[in-house]
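Asker: Fold the following and give me the result.
(one chain, ligands or ions: 2)
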Amino acid sequence: MYVLAIETSCDETGIALVKAEGNLNAFIKNPKTKIIFNLIQSQIPIHRPFGGVVPNLAKREHILNLPILFSEAEKIMAKKKIPLKKIDLIAVTVGPGLEPALWAGINFAKEVHKKIKKENKDCKMIGVNHLEGHLFSLLFGNRRIQFPSIALIVSGGHTMLLSLKEKMTFWRKIGETRDDAAGECFDKVARLLGLPYPGGPEIEARAKIGNKEFVDFPRPMIGQKNYDFSFSGLKTAILYFLRDLQTTEKMTDAKINDIAASFQEAAFDVLSKKTLKAAQEFKAKSILVAGGVANNKALSDSIKKAVKKFPLPPAKIFLPPRGLSGDNAAMIALAGYVNFLKKKKRVFKANSTMTI
Ligand code: KG4
Ligand code: ZN
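Answerer: Residues are numbered from 1 along each chain as shown. Ligands and ions are numbered 1, 2, ... in the order given. A predicted model of the protein is given here:
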């Protein structure tokens, strides 16, 4: 099946075409996928002056970008001799995300669907949960994941742990953040440090050259007997630390690096310890890490380090292939394909707060 996907939940406009093969059982055991293209237009420069994403600006940009990306998509398809009528399914993100931004994608998907249906009346359209997109991004690269498995989804809007007992399509949420998401915390701390949006990559770069033992920041909820997280206290601890520091000392680049490194160490310590605790309890053979924060190599290193202390046999860690951790439409295509095989129907209405 050729699946054309549209993603507009936040500040990336994405259109992708993915070829996926097999029925549900065959696909989730041995996923055969091929990304024909995965076009992403980032809006970061537009939102950067505001220090975060402005929902109505995001909507405006999606409306401007979608037709441009779609004509690029048509050109690539023409070159690869894939006519529009070959598209079997259109997958579009319906939530969670910024409501005005989601609507831009949904409305555009409906127009494209109408256009394709003129040539292929069997072309279907399906609504996709963005978080399922992040989860299914792990299936790219045709890899075989062993179960039971624990999945950590860490993005700008969500931080959660899922337990997947025996297959990729059946999970139970075992914990999530009670306040800020991990990526949101990176963005807010970066702002406190005077670093531009989005904060994650800025902090990662600073942390590489900073001293992670400069400050011992708190690790909220690390010892609690649950799989929930809390990141707003960590952000506040940094706010107070900076306030106190600035009354006595001048802020320097070196200090910013050290604070970034100490913050990242604290945040990843909590994420990896809780993930490992879950992996132990659920006897996981694999640990899946997805979402924008999974871009940060220090996170997987921290989990790998924790896994080494794990009783044998150690769980195998899976990350999305390069370029597929952050928001993109290819992951929406895969989640759309799986939902189509599961015959799951969703209304084509933006749902900003839906979960999985
Ligand atoms: O998954 P994503 O692209 O969008 C959402 O669904 O939210 O995640 C974006 C988040 C942002 O908060 C961004 O700062 C964070 O992921 N992020 C990172 C890194 N790259 C992106 N956080 C830490 N380290 C990174 N290298
Ligand atoms: Zn996302």
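Asker: The lengthiest helix in the chain: how far from the chain's middle?
Answerer: The single longest helix within the chain, with elements called by DSSP state H, is helix 253-281. For helix 253-281, the distance from its own C-alpha centre to the chain's C-alpha centre is 18 Å (CA atoms, centre = their mean, to the nearest Å).
Asker: Let me see the contact set for the residue in the stretch 251-356 of the chain positioned nearest to ligand 1.
Answerer: The minimum distance from the stretch 251-356 of the chain to ligand 1, using CB to the nearest ligand atom, falls at Gly292 (2.1 Å). Any C-beta I mention is one placed from the backbone N, CA and C, and that applies to glycine too. Contact analysis of Gly292 by CB atoms under 8 Å, 6 or more residues apart in numbering lists Val154, Ser155, Gly156, Gly183, Pro198, Gly200, Ser325, Gly326, Asp327.
Asker: swap in Val270?
Answerer: Applying CB under 8 Å, 6+ apart, the residues near Val270 are Arg219, Pro220, Met221, Ile222, Phe229.
Asker: pLDDT score for it?
Answerer: The pLDDT attached to Val270 in the predicted structure is 97.
Asker: How about Pro313?
Answerer: At Pro313 the predicted local distance difference test score is 71.
Asker: for Lys81, same thing?
Answerer: Here the pLDDT value assigned to Lys81 is 97.
Asker: and it, how many neighbours does it have?
Answerer: By other CB atoms under 10 Å, 7 other residues sit near Lys81.
Asker: again, but for the one 5 residues further on
Answerer: Burial measure for Lys86: 17 neighbouring residues, criterion other CB under 10 Å.
Asker: Same question for Pro83.
Answerer: When neighbours are defined as other CB under 10 Å, Pro83 has 12 of them.
Asker: so who does it touch?
Answerer: By CB under 8 Å, 6+ apart, the neighbours of Pro83 are Met77, Glu119.
Asker: just Pro31 next, same as before
Answerer: Neighbouring residues of Pro31 by CB under 8 Å, 6+ apart: Ala20, Gly22, Leu139, Phe140, Asn142, Arg143, Leu334.
Asker: need the helices for the stretch 101-250 of the chain, in chain order.
Answerer: Under the criterion DSSP state H, counting those that start in this stretch, helices of the stretch 101-250 of the chain are mapped to 130-136, 182-192, 199-209, 232-248.
Asker: quick one, which of those is packed in tightest?
Answerer: Per residue and on average, the most neighbours among those fall to helix 130-136, with a mean of 27 (mean count of other CB atoms under 10 Å).
Asker: and it, average pLDDT?
Answerer: Along helix 130-136, the predicted confidence averages to a pLDDT of 98.
Asker: can you check stretch 114-123 too?
Answerer: The average pLDDT for stretch 114-123 rounds to 96.
Asker: Tell me the residues on the stretch 251-356 of the chain that lie near ligand 2, please.
Answerer: Taking CB under 5 Å from the ion as the criterion, the stretch 251-356 of the chain approaches ligand 2 at residues Asp327.
Asker: Low-confidence ranges, the stretch 251-356 of the chain, go.
Answerer: 311-312 (pLDDT under 70).
Asker: if we can go back for a sec, spatially nearest residue to the residue of the stretch 251-356 of the chain closest to ligand 1 (excluding sequence neighbours)?
Answerer: Take Gly292 and drop its neighbours on the chain: the residue closest to it by CB to CB, 6 or more residues apart in numbering is Gly326, 4.4 Å away.
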